[in-house]
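Asker: Have a look; sequence and predicted model below, questions after that.
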Amino acid sequence: MDEFDYDAIIVGAGPIGGYLARKLSEEELSVLILEEHSEIGRPFQCAGLVNPKAMASVGLLDTVLTPIWGARIYSPEGTLVEIGQKDKVRTWSVCRKLFDEAVVIQSVKSGADIWLSSKPINLKIEENKVEIEISTPDGIKNLTTKVICGADGAHSWVRRTLKMGRPKETMIGMQIEVTGYNGKSGKLDMYTGSDISPGFFAWVIPSGETARVGVWSQTKYIGEKSCEDLLNELMRNSRWAHKFKDCKEVGRFVGSVPSGILKNTTSTRVALFGDAAGICKPTTGGGIGPGFAHIDLIVDDFANLIRDNRLDAINLSKMEKSIDKMRKSQSRARALRDAFLTHSNDNDLEEIFKVWAKPDVIEMINEVGEIENPIPLGTKMLKEIPEFRKLAGRAIKAVLWS
């Protein structure tokens, strides 16, 4: 132990880095978190939704701004599908600054150290250790560790420096926080259409006294437009512009969302987590839930490898098998999303929404639907609703037999 400054150094003090630090510290490993910014939770590009399972892992209900129990989903022509049951919370809208800070505080209470305004500038992977050069407010520091963990987001320095590949796809998005939105308490709104969010959807998420309005897409779908152009189209020119007429912007966030788990999330003495590893739901862009789930799946094996200093590529690659089910689930969810949304034009979407709007289908959505895992609902729809088998034939093989 004396030859290592830390058993593990984690780059990135977001919720994923903080949760990983806590889990490793609880295994009585010495952990350091590096955060390039001067405070936790700023900036952020996330919509700020935390599913019930992830919330149960950290118990931070005091960071909740509002529970989300339902959704109103609009077709390009205005067909409304309204789902949800008031007595069943589907997800929580949180204050991301308070949430991120609280997750990191949990890790510190468990024994982790944290350096703010500090970032790695060089890495040297050796047979028995990692040497890391860090820029800090007090100058350059050199440390040794057994393993380096990249939890440093969509543009991960760790992933890029070690040439570990790219996620399967990257969505780009823009979100603003507003007052004065004409919404419904406890329900998020989703808007579709090629003019406002080609290939994906726009959203409005209640967040206490404000609401978060955002759009996401991919460059191949929006052409020369920007996400700001799409957001302006939604709020000023769309059939729903009247809902935004009293809105005043109080905050603005822009970023990218990687989706599609990397072929290899590990290498010799290196492991990637969260957005850095492409662990993000392709259907909603949410990363906190699957990021926590990934850590829970591998942490026991990972801690043992760190403890025994058996962190070569072969041993670490064995952890990849633990997330094979997650890879498969992401692939199937992407197939569903593509079939019902991304690869559908506005006319296709209108047909799909007319089926979704049927009372028996809404009842099925309320019974089986789950934000975190859309596969059971998608499978049931494809099996039991003939109209969907016709409209989404391209998804059937991927969903039912993959």
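Answerer: That came through fine.
Asker: Measure how far the helix or strand hosting residue 25 is from the centre of its chain, please.
Answerer: In the assignment (DSSP states H and E), residue 25 maps to helix 15-26. The gap between where helix 15-26 is centred and where its chain is centred comes out at 17 Å by C-alpha atoms, centre = their mean, to the nearest Å.
Asker: for the next helix or strand after that helix, packing partners?
Answerer: On the C-terminal side of helix 15-26, the closest following helix or strand by DSSP H and E is strand 31-34. Taking 3 or more C-beta pairs under 8 Å, 6 or more residues apart in numbering; DSSP states H and E as contact, the helices and strands that strand 31-34 lies on are strand 6-11, helix 15-26, helix 96-109, strand 113-115. Where you see a C-beta, it was placed from the backbone N, CA and C, and this is true even at glycine.
Asker: hmm, back to that, taking helix 96-109 as reference, get the angle to the helix holding residue 25.
Answerer: Counting by axes from the mean of the first three to the mean of the last three C-alpha atoms, to 10 degrees, helix 15-26 lies at 20 degrees to helix 96-109.
Asker: Mind checking the pLDDT average for helix 15-26?
Answerer: The average of the pLDDT scores along helix 15-26 is 98.
Asker: Over to stretch 263-271?
Answerer: Average pLDDT, stretch 263-271: 96.
Asker: CA-only coordinates of that stretch in CSV, if you can.
Answerer: These are the backbone C-alpha positions of stretch 263-271, laid out as CSV (Å, rounded to 0.1, in the frame of the first residue of the first chain):
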residue,chain,number,x,y,z
LYS,A,263,-17.1,-2.2,-27.0
ASN,A,264,-14.5,-2.1,-24.1
THR,A,265,-15.2,0.0,-21.0
THR,A,266,-11.9,-1.2,-19.5
SER,A,267,-8.2,-1.4,-20.4
THR,A,268,-5.1,-2.1,-18.3
ARG,A,269,-5.6,-0.1,-15.0
VAL,A,270,-8.4,1.9,-16.5
ALA,A,271,-12.2,1.7,-16.2
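Asker: Show me what counts as buried in it.
Answerer: Residues 265-271 are the ones in stretch 263-271 that count as buried (16 or more other C-beta atoms under 10 Å).
Asker: In a markdown table: those residues, plus distance to residue 328.
Answerer: As requested, the buried residues of stretch 263-271 are arranged in a markdown table below (distance: C-beta to C-beta, whole Å):
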| residue | distance to residue 328 |
| --- | --- |
| 265 | 15 |
| 266 | 18 |
| 267 | 22 |
| 268 | 26 |
| 269 | 28 |
| 270 | 24 |
| 271 | 20 |
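Asker: List the ones among the residues you listed that fall in helices.
Answerer: Within these, membership in helices is found for no residue, as judged by DSSP state H.
Asker: picking up where we left off before, which among the helices and strands packed on strand 31-34 is found nearest to residue 386?
Answerer: In this view, the helices and strands packed on strand 31-34 are compared for proximity to residue 386 by C-beta to C-beta, and helix 15-26 is the closest at 41.6 Å.
Asker: and the closest one, what does it pack onto?
Answerer: Under the contact rule (3+ C-beta pairs under 8 Å, 6+ apart), helix 15-26 is packed against strand 6-11, strand 31-34, helix 96-109, helix 288-308.
Asker: what's the angle between that helix and helix 288-308?
Answerer: Computed by the same axes, to 10 degrees, the angle between helix 15-26 and helix 288-308 is 30 degrees.
Asker: Pull the residues that contact the helix holding residue 25.
Answerer: Contacts with helix 15-26, where a contact means C-beta atoms under 8 Å, 6 or more residues apart in numbering, come from 7-8, 10-11, 31, 33, 35, 40, 57-58, 99-100, 103-104, 106-107, 110-112, 114, 149, 151-152, 273-275, 287-288, 291-292, 295-296, 299, 302-303, 306.
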